[in-house]
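sequence and predicted model, in that order:
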Amino acid sequence: SGNYPLKTTQGIHQSMVAAGSMNATVSSSGLPAAFEYLALASNYKREGGVRFIYGTDASLLELSKAYKDSKTRYTPDSKLADLNLDQISIGSAKFVLVSCELFQDDATFPISYQNRLYVLDQENITPMIFAGAPMFEAGETLNKQRGSTKDYTDWWMHAQFGVKFANPLGSFYIDIS
């Protein structure tokens, strides 16, 4: 609605699907093998390149535990058992784990995102702002009927931006079943 021409871009997931980015559906036991295979097979970055792993805390914990040795010993006076990793290095590639708890919000993302890990090459993702259209607009809708349940103020926000994904094949996603 409004007086602006309609312009659209695909989202990150849609760009990955359209380009044929690699993906897998695995159980927790198959997670390390799938992650390593996809990480090496989709590595278009130069030596030492960094990609980012986005997922819920629970999904990132599954990946971290896959790389933590069950026989890790702590000192007798240690009171911390840190099960979370900050980074995973495979060969010359580095992967930084990033918590995205918004994936658990059913109103924002489909329920499938709750058990999904996205590994993204952020250097290939560029935010796009459309010329001739404001990036953000906001306002309020007043409904004043004093003394009734209809006495409230609604706020609305309209955003117009998108992303350009130059090489979705350098990224992948894993669904943990």
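Received it, and whenever you're ready, just let me know what you need.

contacts only, for W155.
138-141 (C-beta atoms under 8 Å, 6 or more residues apart in numbering). Every residue, glycine included, has its C-beta placed from N, CA and C.

any low-confidence regions in the protein?
The chain contains residues with pLDDT under 70 at 1-9, 69-75, 80-81, 133, 142-152, 158.

nearest residue to the middle of it?
Centroid-nearest residue in the chain, with C-alpha atoms, centre = their mean: Y54, separated by 4.1 Å.

what's the most distant pair in the contacts of W155?
In terms of C-beta to C-beta, the contacts of W155 reach their longest pairwise distance at A138 and T141, which sit 11.2 Å apart.

hey, what's in contact with both of these two?
Residues within reach of A138 and of T141 at once, by C-beta under 8 Å, 6+ apart, are 155-156.

now the residue nearest to the centre of the chain: which helix or strand?
strand 50-55 (DSSP states H and E).

on that earlier part again, bridging residues for the residue nearest to the centre of the chain?
V98, Y118 (DSSP bridges).

which residues are in contact with it?
So Y54 contacts 98, 100, 103, 117-120 (C-beta under 8 Å, 6+ apart).

could you measure from it over to W156?
Separation of Y54 from W156 (C-beta to C-beta, to the nearest Å): 28 Å.

surely M157 touches F136?
Yes. At 6.8 Å, M157 counts as touching F136 under the criterion of C-beta atoms under 8 Å.

contact partners for the nearest residue to S21 once chain neighbours are set aside?
Once flanking residues are discounted, S21 sits nearest to P168: 4.8 Å by C-beta to C-beta, 6 or more residues apart in numbering. Counting by C-beta under 8 Å, 6+ apart, P168 makes contact with 15-16, 18-19, 21, 124.

which of the residues you listed lies closest to F161?
When the contacts of P168 are ranked by distance to F161 (C-beta to C-beta), S15 comes first, at 14.9 Å.

if anything else comes up later, I'll come back, but that's it for now.
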